[in-house]
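>>> Here you go, sequence then predicted model.
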Amino acid sequence: MNYPIYLDYNATTPCAPEVVQEMIPWFGEHFGNAASKSHPYGWVAEDAVALAREKVAKLIGANSKEIIFTSGATEAINLAIKGVFDIYKGEKQHYITCQTEHKAVLDCFQELEKRGAAVTYLPVNDDGSLNLDLLRAAIIPETKMIALMWANNETGVIHPIGEISKISEEMGIIFFTDAVQAAGKIPISTQGIHLMVISAHKFYGPKGVGALYIRHNNPLPKPIPQIHGGGHEKGFRSGTLNVPGIVGMGKAAEVKLKEMESELSRLALLRNQLEESILQIPGTKLNGSQNNRLPHVSNIAFEGVEGEELLRKICQKVAVSSGSACTSISPKPSHVLQAMGLDSDLGRSSIRFSLGKNTSEQDILDTVDWVKKVVNALRS
């Protein structure tokens, strides 16, 4: 198949070749169940999982015993949020999150509201940034959790995680962060964080495997399991472990840790080249912060064009998206851009470009040329 140029790396990334090679033996030659404790097939698989756990932990600055493997970020988010709610059942509960969080987080909180919890959805400034004074003001005695993402999946805007973690520590509140778009892209740390979610397929690992970091040796409670049946993963997540996927996630974490710094600089240069050229088109606007964002992401609004047609035409030669992959099937404007104050039409005619390790300068030149042609044709 003649695929278009791929600039949708925030949706998913290809498995790195070395990751695929690392996984292959675990589908056939080493097929044991990591929970089989009585023979070598299980022992070998268990050792492989332990090694992968160490590699994943190193990527985010954690201890290996603080990593719980899941089927992906959505499951880990559900475990973190609903698991904390279940701890405090019978009590008055309040949670703080943000209007621009990923739908997996927002949908969990909407479910908690149905179960009786109160939730504050913080607004954002027009560049997608948070007002920490509003965060402080939202805290009440019943507040059980602050849930704020590390970096936004649509705009790339990075929240001040260090300052947020200090606020949560001062107030003795659980701090949960969705670090799916940040892990493997920029240096991150678990310092001051109680719960963190990451996903392998966002940093060149396989789909169907993610992890929840649960802070160890802390007085604040840990989430209650949401899946029961066998007590795997220290009882937090029962179910036979996806050994090939976990091995792949570990390898991807190892690779990204080594190449992160150089790739960060390279992609920032290419992103800036793309952005500067496209913003020369009249009636275009950058959505989100100019500076405090991921180095490979650019979200641009195009005035005077119909959003659905714009996306369809651009995707004939360049694979991009109008927002999160999880909501791209919806004709509704992005909830992230709406929260930033964009009107519905401009929100629908906004495109997210996200670059990755296979992006070349020629890809950028070709993309700029095609976008200009499409926009001019749609406006004529």
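Here it is on my side, so go on.
>>> dump the residue contacts of the most centrally placed residue in the chain.
In the chain, the C-alpha nearest the mean C-alpha coordinate belongs to Val180, at 2.4 Å (CA atoms, centre = their mean). Contacts for Val180 were tallied using CB atoms under 8 Å, 6 or more residues apart in numbering; they are 73, 102, 149, 153, 197-199, 202, 210. Using the backbone N, CA and C atoms, a C-beta is placed for each residue, glycine as well.
>>> could you dump those residues to TSV with secondary structure and neighbour count?
As requested, those are exported to TSV (DSSP: H, G, I helix; E, B strand; the rest coil; neighbours: other CB atoms under 10 Å):
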residue	secondary structure	neighbour count
Ala73	helix	26
His102	coil	24
Met149	coil	24
Asn153	coil	29
Val197	strand	30
Ile198	strand	31
Ser199	strand	28
Lys202	helix	26
Gly210	strand	27
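>>> Let me know the closest of those residues to Ile87.
Val197 (17.8 Å; CB to CB).
>>> for the closest one, what are its contacts?
Contacts of Val197 by CB under 8 Å, 6+ apart are 73, 76-77, 80, 176-180, 210-213.
>>> go again using 6 Å as the cut-off
73, 76-77, 178, 212 (CB atoms under 6 Å, 6 or more residues apart in numbering).
>>> Residues touching the lowest-mean-pLDDT helix or strand in the chain, excluding its own?
Within the chain, no helix or strand scores below helix 344-348, which has a mean of 93 by mean pLDDT, DSSP states H and E. For helix 344-348, the external contacting residues (CB under 6 Å, 6+ apart) are 301, 307, 333-334, 337-338.
>>> Report the buried residues of that helix.
346-348 (16 or more other CB atoms under 10 Å).
>>> Could you do stretch 19-29 as well?
19, 22-23, 26.
>>> Dump these to CSV, plus pLDDT.
As requested, these are arranged in CSV below (pLDDT from 0 to 100):
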residue, pLDDT
Val19, 98
Glu22, 98
Met23, 98
Trp26, 98
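>>> Redo these as CSV? Include secondary structure.
Listed next are the buried residues of stretch 19-29 as CSV, based on DSSP: H, G, I helix; E, B strand; the rest coil:
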residue, secondary structure
Val19, helix
Glu22, helix
Met23, helix
Trp26, helix
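>>> That'll do, ta.
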